[in-house]
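Student: What follows is a predicted structure for the sequence shown.
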Amino acid sequence: MITQEKQFRTTLILGRFQPLHIGHQYLINTALSISDSVLVLIGSSQEESTNKNPFSYSLRKEMLQRVYGDRIKIAPLKDLGLGDVTGWGDYLLSEARKIAPDLDCFLFGEEKKCERWFSKEVKESITLYKVTRNKIKVNATKLRELLKEGNIEKVKTMMDSKLTPLIPKLIEITKEATSS
């Protein structure tokens, strides 16, 4: 069997995955297609039970594992509260390289802030790989609204079918987090 050599050794993806949806999966699947290894850092890992971050780190990790199994590495990343500054990008890569020293790519969606996170020196040490999600019109804020409404059929269109058994739990947690 001939295997095609991938463009990168290890690609990093950062997300809050509140919850994991098909847009996130598009990014992860792209990373898997271009890289030998994919490291997914779950951002704001210490946050849970809030309107913006209702789900715990362990539940977000479970969602990723249900879809990807052992095809990706998953680790937590605490938010420093620095905002969109180069200190954040330097922290992000420093933490990622503790897990994946051969990291050579950071893949992200169309969020312009991601490009502002890195100092010139850091940008020279890693490829910033921007992926457009024009064909996938989904975002976690809208998905959390649908979960709060209990709109299971619409939620199913935005999430992998492997996550369907978790939907009642996601609805319950979202309603609890947004009622306080």
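Tutor: Everything's here; your move.
Student: Flag the helix or strand of this protein with the lowest per-element mean pLDDT.
Tutor: helix 113-116 (a mean of 78; mean pLDDT, DSSP states H and E).
Student: what distance separates whatever helix or strand comes next after that one from the centre of its chain?
Tutor: The first helix or strand that comes after helix 113-116 along the chain, using DSSP states H and E, is helix 120-125. A distance of 22 Å separates the centroid of the chain from that of helix 120-125, by CA atoms, centre = their mean, to the nearest Å.
Student: pLDDT weak spots in this protein?
Tutor: 1-4, 82-85, 180 (pLDDT under 70).
Student: ok, now with 50
Tutor: Within the chain, no stretch has pLDDT under 50.
Student: can you give me the strands in it?
Tutor: 8-15, 35-43, 73-77, 103-108, 127-130 (DSSP state E).
Student: now those strands in JSON lines, with distance to Arg144 and mean neighbour count?
Tutor: Backbone N, C-alpha and C define where each C-beta goes, glycine included. Output for the strands of the chain, formatted as JSON lines (distance: least, CB to CB, whole Å; neighbours: other CB atoms under 10 Å):
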{"stretch": "strand 8-15", "distance to Arg144": "14", "mean neighbour count": "23"}
{"stretch": "strand 35-43", "distance to Arg144": "16", "mean neighbour count": "21"}
{"stretch": "strand 73-77", "distance to Arg144": "20", "mean neighbour count": "17"}
{"stretch": "strand 103-108", "distance to Arg144": "21", "mean neighbour count": "21"}
{"stretch": "strand 127-130", "distance to Arg144": "25", "mean neighbour count": "15"}
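Student: Just put those strands in JSON lines and tack on distance to Arg60.
Tutor: Output for the strands of the chain, formatted as JSON lines (distance: least, CB to CB, whole Å):
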{"stretch": "strand 8-15", "distance to Arg60": "9"}
{"stretch": "strand 35-43", "distance to Arg60": "5"}
{"stretch": "strand 73-77", "distance to Arg60": "9"}
{"stretch": "strand 103-108", "distance to Arg60": "18"}
{"stretch": "strand 127-130", "distance to Arg60": "23"}
